[in-house]
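Peer 1: sequence first, predicted coordinates after that:
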Amino acid sequence: MKKSRYAVAITAALALGFSPASAAFNGLPNKTATPGATDPAVTQANIGKTICVIGYTKTVRPPITYTSPIKRHQLASGYNVGGDIKMGDYEEDHLVPLEVGGSPKSQSNLWPELLTGQWGARAKDKLENTMHLLVCSHQITLAAAQQVFMTDWIAGYKKYVK
């Protein structure tokens, strides 16, 4: 009996520790696959020379030639919403954003985030901008901002954005 592509993807996802559709009906990444990772080159002591410099993220953001194959693999492995594996429906996002010292290339920090929905990429972008401003104005530490994303960015959104 021939297995469907979806069944193969689910089998592969379970083998990799993913739960199908774990990426986002709730807007949060699979914590096993994407716990988050920080960039050791960004510290509280050097934020004035790194993340708080206009244009910094452009200097560290990996090209789509790096992130697209990762996203394609993640989606095919079951890291998707309801079986939707259309690349254009997702942004390969950094759980800990580059704006607050997230690791640019660590696969532990990259996940296919749904673009639409209440807790899609656009909502998280608002939190990213808010946390960046708070860190750079010394209203919150770099470590505290990073922790917001590594624990539950939606709770962080509710606390800092709304």
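Peer 2: Sure thing, it's come through. Numbering: from 1, shown residues only.
Peer 1: beyond the worst-scoring helix or strand of the chain on mean pLDDT, next helix or strand please.
Peer 2: Between all helices and strands in the chain, the lowest mean by mean pLDDT, DSSP states H and E belongs to helix 5-16, at a mean of 40. Going down the chain from helix 5-16, the next helix or strand is helix 56-60, by DSSP states H and E.
Peer 1: let me know the average pLDDT across the helix or strand following that next one.
Peer 2: Moving toward the C-terminus from helix 56-60, the next helix or strand (DSSP H and E) is helix 64-76. Averaged across helix 64-76, the pLDDT comes to 96.
Peer 1: and if you look at stretch 43-59?
Peer 2: Confidence over stretch 43-59 (mean pLDDT, whole number) is 98.
Peer 1: now do stretch 144-162
Peer 2: Stretch 144-162 comes out at a mean pLDDT of 96.
Peer 1: quick one: buried residues of it?
Peer 2: Buried residues in stretch 144-162, counted by 16 or more other C-beta atoms under 10 Å: 145-150, 152-153, 156-157, 160. All C-beta spots, glycine's among them, are computed from the backbone N, C-alpha and C.
Peer 1: what of stretch 96-116?
Peer 2: In stretch 96-116, counting by 16+ other C-beta under 10 Å, buried: 96-104, 106, 109-114.
Peer 1: of the residues you listed, closest to Val135?
Peer 2: Nearest to Val135, judged by C-beta to C-beta, of the buried residues of stretch 96-116 is Val100 at 5.8 Å.
Peer 1: show me what contacts the residue most central in space within the chain?
Peer 2: Most central in the chain under C-alpha atoms, centre = their mean is Leu95, positioned 2.7 Å from the mean C-alpha point. Residues near Leu95 by C-beta atoms under 8 Å, 6 or more residues apart in numbering: 29, 34-37, 102, 109-111, 149-150, 153.
Peer 1: quick one: which of these is nearest Asn80?
Peer 2: Nearest to Asn80 among the contacts of Leu95, counting by C-beta to C-beta, is Trp111 at 10.7 Å.
Peer 1: downstream of the helix or strand encompassing that closest one, the next helix or strand is which one?
Peer 2: In this assignment (DSSP H and E), Trp111 forms part of strand 110-114. For strand 110-114, the following helix or strand on the C-terminal side (DSSP H and E) is helix 121-136.
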